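*Asks:* coords please:
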Amino acid sequence: QVQLVESGGGLVQPGGSLRLSCAASGKTLVHYAIGWFRQAPGKERERVSCISSHDGSTYYADSVKGRFTISRDNAKNTVYLQMNSLKPEDTAIYYCAAEILALSCGVYAPQEYSNWGQGTQVTVSS
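*Replies:* Got it, this is the predicted structure:
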């Protein structure tokens with residue numbers, strides 16, 4: 001099992017930026033795809049972005065495309081989600097998850113991931 005800890009959430013004004021971090025321990029993330037997911041009150045958990053392990057391919061939900069960027073630093077065993085031009089509708093708890101996936105991460109749903117962090121709150125409000 002790999003343990004994941006998210007950080008970097010907080011309160012930001014619309015148009016602002018945050019960088020979320022997902023730090024892993026227990027195992028190296030080199031062989032894991034990492035996904036970022038979010039869940040707002042009363043809504044289902046949705047996939048935001050992910051990065052594959054075998055080819056580094058990335059996926060972004062249409063709602064964040066062009067605003068969010070996912071990256072990984074294998075030396076630090078950490079994955080980042082840079083979030084720019086934040087909107088109130090980005091408000092949610094953000095989770096990172098890790099899984100060893102055979103295909104590019106963009107085809108996998110949240111339930112395909114078995115290692116999850118505890119989440120970090122992102123609130124976008126003026």
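
*Asks:* Okay, strands next: where are they in this structure?
*Replies:* For the chain, the strands defined by DSSP state E cover 3-7, 10-12, 18-25, 33-39, 46-51, 58-60, 68-73, 78-83, 92-99, 115-116, 120-124.

*Asks:* and the shortest one, what does it pack onto?
*Replies:* If I follow you right, that is strand 115-116. Judged by 3 or more Cβ pairs under 8 Å, 6 or more residues apart in numbering; DSSP states H and E, strand 115-116 is in contact with strand 3-7, strand 92-99. Any C-beta I mention is one placed from the backbone N, CA and C, and that applies to glycine too.

*Asks:* sorry, back to before: need the strands of the chain in TSV with mean pLDDT, mean neighbour count and distance to residue 107, can you?
*Replies:* Listed next are those as TSV, based on pLDDT from 0 to 100; neighbours: other Cβ atoms under 10 Å; distance: least, Cβ to Cβ, whole Å:
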stretch	mean pLDDT	mean neighbour count	distance to residue 107
strand 3-7	97	17	21
strand 10-12	98	14	31
strand 18-25	97	19	20
strand 33-39	96	25	10
strand 46-51	96	22	10
strand 58-60	96	18	8
strand 68-73	96	18	16
strand 78-83	97	22	19
strand 92-99	97	23	12
strand 115-116	96	19	18
strand 120-124	98	18	26
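
*Asks:* Dump those to JSON lines, plus distance to residue 105.
*Replies:* Shown next, in JSON lines, are those (distance: least, Cβ to Cβ, whole Å):
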{"stretch": "strand 3-7", "distance to residue 105": "15"}
{"stretch": "strand 10-12", "distance to residue 105": "26"}
{"stretch": "strand 18-25", "distance to residue 105": "14"}
{"stretch": "strand 33-39", "distance to residue 105": "4"}
{"stretch": "strand 46-51", "distance to residue 105": "4"}
{"stretch": "strand 58-60", "distance to residue 105": "6"}
{"stretch": "strand 68-73", "distance to residue 105": "10"}
{"stretch": "strand 78-83", "distance to residue 105": "11"}
{"stretch": "strand 92-99", "distance to residue 105": "8"}
{"stretch": "strand 115-116", "distance to residue 105": "13"}
{"stretch": "strand 120-124", "distance to residue 105": "20"}
